[in-house]
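> sharing a model prediction with you, sequence too.
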Amino acid sequence: MTLWQRFKPRTGNLRLWQVGVLLVFLGLWQLASRDVQLAFFLGEPIQVAGRVWSWFLPWAVAPNVLFPDGLSGNADIYRHLGTTLLETFLAFGIGTVLGLACGLWLALSPLASAILDPYIKAANAMPRVILAPIFAMWFGLGIWSKVALAVTLVFFIVFFNVYQGVREVSPVVLSNARMLGANQRQLLRTVYLPSATAWVFSSLHTSVGLAFVGAVVGEYLGSARGVGYLILQAEGTFDVNTVFAGIVVLTTFALLLDGLVGRIERRLMKWQPRQGETEKL
Amino acid sequence: MATDSPHALELLGITCTFAAPGGGPSYTAVADTTLRVAAGEFVSVVGPTGCGKSTLLNVGAGLLAPSAGEVRVFGEPLRGLNRRAGYMFQTEALLPWRSALDNVMLGLQYRGVPDAQARAQAQDWLARVGLAGFGDRYPHQLSGGMRKRTALAQTLALDPDIILMDEPFSALDIQTRQLMEDEVLELWAARKKAVLFITHDLDEAIAMSDRVVVLSAGPATRPMGEFSIDLPRPRNVAEVRATPRFIELHTQIWGVLREEVLKGYQQQLKKAA
């Protein structure tokens, strides 16, 4: 057996190859950054890792081969990260509740929906990031201007999904519930809301991601704390390693949030058929 | 069930005309139809596809207001939904996000029955339709026949005085279907509710009913004939089909139905052309 046949990509060693791709990429990056001029623009992976170390861990590292200046153990990112995550969760919660309420209302009231239709289309078509300066004026530079920006992003995703979800309730299911004696409130609780929730969950990955984007972009446009703020500061001093470190942290947390959403979704949506699971009996 | 009227459900001179979308000529699905179901009677309605059988049933349920005519429930004119009727739909009507047990509980919960009591009653009904161990399954985890059983339990759990069934078993395979038919007959015999049963299957109609009503081909459907089914009860739907009286009745009714089915088919061809 030749060496290639042993390490040929297949399902068994997929993880190995995924890590391999990362290592090759980092290696090439590190190699390229040996040129000082390139390093100014590209940063240096080892320095990026060092930055992440000092952000998260309280232990200093003495000067050595990799870090001639040593590393300080500041552990000072938690305040910023906490702010960004708080903004994300607030925006996600408020946006979801508002979207759910408005979606239900408009879907169940054809008249209101017919009147407001062009305005909803316009509000959705508008590039909403441009609202950030207005929110900064209204809510100041604290967290609420970021929350407001992220809410506008989350709201429309949830709103359209709920609207769709209520509209697509099967008329037979609806008639059945009515024949079983449901009044309007009971219909809302047992038929419309669960149906809408299913649609909200299907958009949860997108809306949590957008809440995060809204929070970071808001911070980047003007703030006193948050990961977006750290990136803005670093950019101001041409500290490209810190910018990359900020990107790495944001990406990691976006992935973590996505995984969390996936778990919640699987738990709450177990009534939905998955591929290969239908007709199990 | 204190009532003076011998009829559980009366559809009197029902006409249903639908306005065509876009203002074209309106379509009369059902014209001047009178149909009575006595308390405790099992009546089947057969007719060619697309003849307005379901329309008639929806009128009886109060889901659809007729253009003309009157619906009486135990002698009282019907306003709004028919609260004394249970409706078993042709297609899937279970809530996919509720387990089988929770689906059967649904009507009881709507009526404000306390949860523990509703749960016990629902368990009971699930057992009666042969799904005792399947209460925690979601509809997508059940087979088609099991979903129908759940729907049956859901409808019967409210103990309605009138049961409306719209081709409830048309999507099932023939064996499951005969099992379900026997079970429905057994449940019906135990409680003697009025049943209005819609089907396009004449065998099924004769095997199950006290009376079979044949509808004409649409549009403007009206009853063409009524046949009293004097086969002895209790019946086994598979065995009763082999009896001479069944065959005699079948020939007799099919003689009327056949022409209507052909007419209905011709009309569909014309519509498609």
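Alright, I've got the coordinates.
> phi, psi of B:L215?
Note on B:L215: its backbone torsions stand at phi -100, psi 150 [degrees, to the nearest 10].
> once you drop chain neighbours, what's closest to it?
Nearest non-adjacent residue to B:L215, counting by Cβ to Cβ, 6 or more residues apart in numbering or on different chains: B:G47, 3.2 Å away. The C-beta positions use only the backbone N, C-alpha and C, and glycine is treated the same way.
> same thing with B:S67?
B:T17 (4.5 Å).
> and what of B:S5?
Of all residues not flanking B:S5 in the chain, B:G75 sits nearest, at 3.2 Å (Cβ to Cβ, 6+ apart).
> I figured the one you found hits B:A8, correct?
No. Using Cβ atoms under 8 Å, B:G75 is not in contact with B:A8, being 9.5 Å away.
> for the stretch 51-200 of chain A, which residues are neighbours of chain B?
Along the stretch 51-200 of chain A, the residues adjacent to chain B under the rule Cβ under 8 Å from any Cβ of the partner chain are A:170, A:172-173, A:175-183, A:186, A:190-191, A:194-195, A:198.
> now, of these, which are buried?
Among these, those classed as buried by neighbour count (16 or more other Cβ atoms under 10 Å in any protein chain shown) are A:170, A:172-173, A:175-182, A:186, A:190-191, A:194-195, A:198.
> now, those that are in helices?
Among those, DSSP state H puts A:V172, A:V173, A:S175, A:N176, A:A177, A:R178, A:M179, A:Q186, A:P194, A:S195, A:A198 in helices.
> ok, A:A39 to chain B distance?
55 Å (Cβ to the nearest Cβ, to the nearest Å).
> ok, that residue touching A:W29?
No. Between A:A39 and A:W29 there is no contact under Cβ under 8 Å: 10.0 Å.
> where along the stretch 1-150 of chain B do the helices fall?
B:53-61, B:100-110, B:115-128, B:144-156 (DSSP state H, counting those that start in this stretch).
> whoops, the stretch 1-150 of chain A was the one
A:3-7, A:14-32, A:36-42, A:45-56, A:78-108, A:110-125, A:132-139, A:143-167.
> and the longest one, what other elements does it pack with?
With contacts defined as 3 or more Cβ pairs under 8 Å, 6 or more residues apart in numbering or on different chains; DSSP states H and E, the secondary structure elements packing on helix A:78-108 are helix A:110-125, helix A:143-167, helix A:193-202, helix A:204-220, helix A:227-236, helix A:240-268.
> of those, which is nearest A:A49?
helix A:240-268 (8.0 Å; Cβ to Cβ).
> how far out from the middle of the chain is that closest one?
7 Å (Cα atoms, centre = their mean, to the nearest Å).
> quick check: angle from it to helix A:227-236?
160 degrees (axes from the mean of the first three to the mean of the last three Cα atoms, to 10 degrees).
> buried residues in helix A:240-268?
For helix A:240-268, by 16+ other Cβ under 10 Å, it's A:240-246, A:249-250, A:253-254, A:257, A:261.
> what does stretch B:241-257 give?
B:R241, B:F246, B:L249, B:H250, B:I253, B:W254, B:V256, B:L257.
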